[in-house]
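Student: Turn this into a model:
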Amino acid sequence: MRTAIITDSNSGIFEQEARQLGIYTVPMPVILDGETYFEGTTLTHTEFFGRLKQKAQASTSQPAPADVIRVWEQAFSDGYDEIVYIPLSSGLSASCQTAISLAEEEPFAGRVFVVNNQRISVTMKLSVYEAKHLANERKTGAEIRDYLEQTKFDSTIYIMVDTLEYLKKGGRITPAAAAIGSLLRLKPVLQIQGEKLDAYAKARTAKQAREIMLDAILSDLNDRFGDPQAKGCVLSLAYTRDLEQAEVMRDMVQERFPDKKICIDPLSLVVACHTGPGAVGITATKSLLEEL
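Tutor: Next up, the predicted model:
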């Protein structure tokens, strides 16, 4: 039994890396001034932030069912017997529920297993790596799906936002709150616990925001995961446009965990539409893997 692993670009896995991993990926649509592009194929992150700087109106959408089906059919034509499909969290997009509905229809029923493990960005990427590891161990599609859904809350994310402009555009905060926050030059810290992006804390400086995030991760490792040294967890960072900020955060984490490999990846454009440029996120995730 050969099991294909398929994800979408919200995982940060694009076509080249997917080929290297032996998996498949579905590019996510990104809409700029009414025109649709696809993350990682017809639109790079550099191009996206360049358009934002030019005041382009940005939004995202779920992939068309036909595009998802096309990738599924490609996997079957390549000789796979079943598929594990890992889309974006159902709490952040309708794409997961759409895929579940598609998988209930012939010829996919009983052959495509859609995972709703409520992950995004680097935590979602880790789920894909775990799925591929389990597929290599000859686990069935149902077994892989069940594992990923049973462990879906074994992850925590904190994100520092450099500007309130995009949270205001997305309706996450009111225009009045955005104006006051901008006047005070606040650096909000957001959290993703499961399926929602929520406010966590407010900082006056980027340095204070980084300290808040590190303290929050340390608290979660100790209290939620019972693993203060992160021996059974993967630690990762993600960012929008400003790699230097992410590297400063990485150095802080590395000082606390000198023996851990700390990966840095760009945040997916679905998150970037809400955070804008200059965001930095830190994650901790319990995993059967030692690192990405």
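
Student: Excluding chain neighbours, give the residue nearest to residue 143 in space.
Tutor: The shortest distance from residue 143 to any non-neighbouring residue, by CB to CB, 6 or more residues apart in numbering, is to residue 134 (7.1 Å). (Each C-beta comes from the backbone N, C-alpha and C, glycine too.)

Student: the helices in the stretch 101-250 of the chain, which residues?
Tutor: Here the stretch 101-250 of the chain has its helices, by DSSP state H, counting those that start in this stretch, at 121-136, 141-150, 165-169, 175-183, 206-223, 243-256.

Student: Now the residue found closest to residue 266 once you drop the neighbours it is linked to in the chain: phi and psi?
Tutor: Nearest residue to residue 266 in three dimensions, chain neighbours excluded: residue 45, at 5.2 Å (CB to CB, 6+ apart). Main-chain torsions, residue 45, degrees, to the nearest 10: phi -70, psi -40.

Student: Spatially central residue for the chain, please.
Tutor: In the chain, the centroid-proximal residue (CA atoms, centre = their mean) is residue 121; its distance is 1.4 Å.

Student: Run through the residues that contact it.
Tutor: Residues near residue 121 by CB atoms under 8 Å, 6 or more residues apart in numbering: 10-12, 157, 238, 265, 267-268, 271, 281, 283.

Student: Residue 31 now?
Tutor: Neighbouring residues of residue 31 by CB under 8 Å, 6+ apart: 37, 58-61.

Student: now do 7 Å
Tutor: Residues in contact with residue 31 (CB atoms under 7 Å, 6 or more residues apart in numbering) are 58-61.

Student: Report the separation between the residue nearest to the centre of the chain and residue 244.
Tutor: The span separating residue 121 from residue 244 equals 19 Å under the rule CB to CB, to the nearest Å.

Student: what's the answer for residue 51, then?
Tutor: From residue 51 across to residue 244, the span is 21 Å (CB to CB).

Student: Neighbour count for those two, which is higher?
Tutor: Each of residue 51 and residue 244 has its neighbours counted (other CB atoms under 10 Å); residue 51 has more, 18 against 9.

Student: close enough to count as contact, that one and residue 32?
Tutor: Yes: counting by CB atoms under 7 Å, residue 32 is a contact partner of residue 51 at 5.2 Å.

Student: intersection of neighbour lists for those two?
Tutor: Joint contacts of residue 51 and residue 32 (CB under 7 Å, 6+ apart) do not exist.

Student: where along the stretch 1-150 of the chain do the strands fall?
Tutor: In the stretch 1-150 of the chain, the segments counted as strands under DSSP state E, counting those that start in this stretch are 3-8, 24-26, 29-32, 35-38, 58-60, 82-86, 112-114.

Student: looking at the ones you listed, which has the lowest confidence?
Tutor: Ranked by mean pLDDT, the strands of the stretch 1-150 of the chain bottom out at strand 58-60, with a mean of 86.

Student: Pull the distance from it to the chain's centre.
Tutor: Taking the mean of its C-alpha atoms, strand 58-60 sits 16 Å from the chain's own mean (CA atoms, centre = their mean, to the nearest Å).

Student: What strands flank that strand, and is each parallel or antiparallel?
Tutor: Note on strand 58-60: by DSSP bridges, its sheet partners are strand 29-32 (antiparallel).

Student: And the strand it pairs with, what's buried?
Tutor: Judged by neighbour count (16 or more other CB atoms under 10 Å), strand 29-32 contains these buried residues: 29-30, 32.

Student: on that earlier part again, out of the helices of the stretch 101-250 of the chain, which is the most enclosed?
Tutor: Burial of the helices of the stretch 101-250 of the chain is given as mean neighbour count (mean count of other CB atoms under 10 Å); helix 121-136 ranks first at a mean of 23.

Student: State the mean pLDDT of that one.
Tutor: Helix 121-136 comes out at a mean pLDDT of 95.

Student: Just want the angle from it to helix 141-150.
Tutor: Relative orientation of helix 121-136 and helix 141-150, computed by axes from the mean of the first three to the mean of the last three CA atoms, to 10 degrees: 150 degrees.
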